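Engineer: Sequence and predicted model, in that order:
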Amino acid sequence: MKKRLIDLDLLKGFGIIMVVAVHSNMPQPITAFLQSFGMPLFFMLAGYTFNSKKYKGNFYLLVKKRSVSLLVPYVMGCFLSYSYWIVTKFTGDFKESFLWYKPLVGMLEGNIEGLLNYPLWFLVCLYGALLMYAASQKYLQRFVLAQQFAIYAVIGWIGAVIGSVVHLPWGLDISMVSLLFIFIGDRLRQGSRFPGGIGLSLVLCSAFLINEPVSMGLREYGNLLLFYISGVSGSLLSLEIIKGITGIHHWFRAISHIGRESAYILILHAGISFPLVSYINHFILPGVAFPWFVYLVGGIVIPLYIRYIFKKSYRIIQQLRINKSLMNREKRIA
């Protein structure tokens with residue numbers, strides 16, 4: 001079994017904690033700061049773990065693998081949220097009518113404003129972005145890095161302009177904006193060096209303070225140049241921090257585990273965990289809202305527990321099948 005890179009697990013762990021924290025309605029200044037580089041970090045990580053050369057000449061293989069790893073979880077997460085939504089509509093106050101098909105239309109469109117489980121926009125957006133990146137590298141890899149950087153920046157600007165006019169299905173306009181982050185992650189994997197150190201902190205803080213609050217899922221970039229500066233510098237700074245603590249990673253095993261299960265947390269935290277925490281809140285302390293960090297903890301712990309139950313159940317079912325097979329074999333021998 002290939003050994004996982006602990007720094008990637010830590011990065012994913014810190015990244016998904018940031019995502020859940022932002023969705024937990026934490027104080028606005030902190031939320032705005034994390035949003036300035038939180039999603040760019042995930043797109044950069046996707047580029048870091050993506051090898052476009054592997055699919056050179058075999059685009060179908062890329063479509064097949066990414067459909068399994070991104071589209072299947074997207075569909076499952078959407079239908080799980082839809083099932084919960086339907087149950088609440090039929091068991092709650094039925095005075096107001098509702099359009100049962102509206103969430104299904106939103107699922108097909110894949111944009112945040114139409115999804116019941118809004119974080120799922122990232123999965124289809126990343127799917128489109130990786131296909132775009134692989135296709136573009138077929139033609140752009142002959143250019144020097146600076147030229148590729150400029151081309152992806154221009155594509156991102158075009159995507160931002162399109163997104164200000166019309167929201168393309170599956171967030172394809174956001175995918176265009178994200179290509180620059182994926183490109184930088186890919187170049188980091190191949191050994192390219194980017195500026196680091198205290199300068200990144202100064203650049204990040206400066207761009208964040210000057211720019212407006214941003215949200216990639218909502219197509220809110222503020223000044224696109226400042227958005228790119230804060231997104232790139234914040235992501236690179238995160239890499240620097242993780243490299244610095246990798247040597248003492250045994251203190252961060254819990255975060256590494258969270259990173260390994262980040263996909264399940266992304267899918268379940270808003271659609272399942274938050275409603276469950278809210279229900280517990282109303283049951284235990286009616287009229288008194290839980291603080292944001294309770295939703296943060298619940299948004300991480302509940303998906304991990306659900307994941308644990310599924311893994312345990314799968315192992316039990318597998319063992320039962322093995323035992324049944326052995327019993328049938330013994331009967332045939334007897």
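Structural biologist: All right, it came through fine.
Engineer: okay, CA-based contacts and neighbour counts for the rest of this
Structural biologist: Will do.
Engineer: I'd guessed Arg307 sits against Tyr264; true?
Structural biologist: Yes - in this structure, Arg307 is within contact of Tyr264 by Cα atoms under 8 Å, at 7.3 Å.
Engineer: pretty sure Gly38 contacts Gly15?
Structural biologist: Yes - counting by Cα under 8 Å, Gly15 is a contact partner of Gly38 at 6.5 Å.
Engineer: which stretches of this structure have low pLDDT?
Structural biologist: Judged by pLDDT under 70, the chain has its weakly predicted residues at 1-6, 91-98, 194-198, 200, 246-251, 324, 326, 328-334.
Engineer: circling back to that earlier point, which residues are common contacts for Gly38 and Gly15?
Structural biologist: Residues touching both Gly38 and Gly15 (Cα atoms under 8 Å, 6 or more residues apart in numbering): there are none.
Engineer: Determine the set of other helices and strands touching the helix or strand containing Ala207.
Structural biologist: Per DSSP states H and E, Ala207 falls inside helix 198-210. Judged by 3 or more Cα pairs under 8 Å, 6 or more residues apart in numbering; DSSP states H and E, the packing partners of helix 198-210 are helix 224-245.
Engineer: and the next helix or strand after the helix it packs on, what does it pack onto?
Structural biologist: Per DSSP H and E, the first helix or strand lying C-terminal to helix 224-245 is helix 253-260. Contacts defined by 3+ Cα pairs under 8 Å, 6+ apart place helix 253-260 against helix 6-23.
Engineer: in the helix holding Ala207, what's buried?
Structural biologist: By 16 or more other Cα atoms under 10 Å, the buried positions in helix 198-210 come out as Leu200, Ser201, Val203, Leu204, Ala207, Phe208.
Engineer: now the angle from that helix to helix 224-245?
Structural biologist: Angle, helix 198-210 to helix 224-245, by axes from the mean of the first three to the mean of the last three Cα atoms, to 10 degrees: 140 degrees.
Engineer: what sits up against helix 198-210?
Structural biologist: Phe33, Ser36, Leu226, Phe227, Ile229, Ser230, Gly231, Ser233, Gly234, Leu236, Leu237.
Engineer: could you redo the last one with a cut-off of 7 Å?
Structural biologist: For helix 198-210, contacts defined as Cα atoms under 7 Å, 6 or more residues apart in numbering pick out Phe33, Ser36, Leu226, Ile229, Ser230, Ser233, Gly234, Leu237.
Engineer: again with stretch 282-302
Structural biologist: With Cα under 7 Å, 6+ apart as the test, stretch 282-302 has contacts from Val20, Ala21, Ser24, Asn25, Met26, Ile265, His269, Ser273, Phe274, Val277, Asn281.
Engineer: now the end-to-end length of it.
Structural biologist: 18 Å (Cα to Cα, to the nearest Å).
Engineer: repeat for stretch 52-67
Structural biologist: In stretch 52-67, first residue to last residue: 16 Å (Cα to Cα).
Engineer: Could I get the buried residue list for that stretch?
Structural biologist: Within stretch 52-67, the residues scored as buried using 16+ other Cα under 10 Å are Ser52, Tyr55, Leu62, Arg66.
Engineer: which element follows the strand or helix carrying Tyr279 toward the C-terminus?
Structural biologist: Assigned by DSSP H and E, Tyr279 belongs to helix 274-284. Counting by DSSP H and E, the element after helix 274-284 in chain order, helix or strand, is helix 292-333.
Engineer: That following helix versus helix 253-260: what angle between them?
Structural biologist: Using the same axes, to 10 degrees: helix 292-333 against helix 253-260 is 70 degrees.
Engineer: Helix 292-333 vs helix 6-23, what angle?
Structural biologist: Using the same axes, to 10 degrees: helix 292-333 against helix 6-23 is 130 degrees.
Engineer: how distant is helix 292-333 from the center of its chain?
Structural biologist: Distance of helix 292-333 from its chain centroid, counting by Cα atoms, centre = their mean, to the nearest Å, is 25 Å.
Engineer: what's the answer for stretch 108-117, then?
Structural biologist: Relative to the centre of its chain, stretch 108-117 is centred 15 Å away, using Cα atoms, centre = their mean.
Engineer: mind checking how far the residue lying closest to Ser238 once chain neighbours are set aside is from Tyr60?
Structural biologist: With sequence-adjacent residues excluded and distances taken as Cα to Cα, 6 or more residues apart in numbering, Ser238 is closest to Leu11, at 7.5 Å. Look at Leu11 and Tyr60: by Cα to Cα, they are 30 Å apart.
Engineer: Could you do Ser230 as well?
Structural biologist: Relative to Tyr60, and taking Cα to Cα, Ser230 is found at 35 Å.
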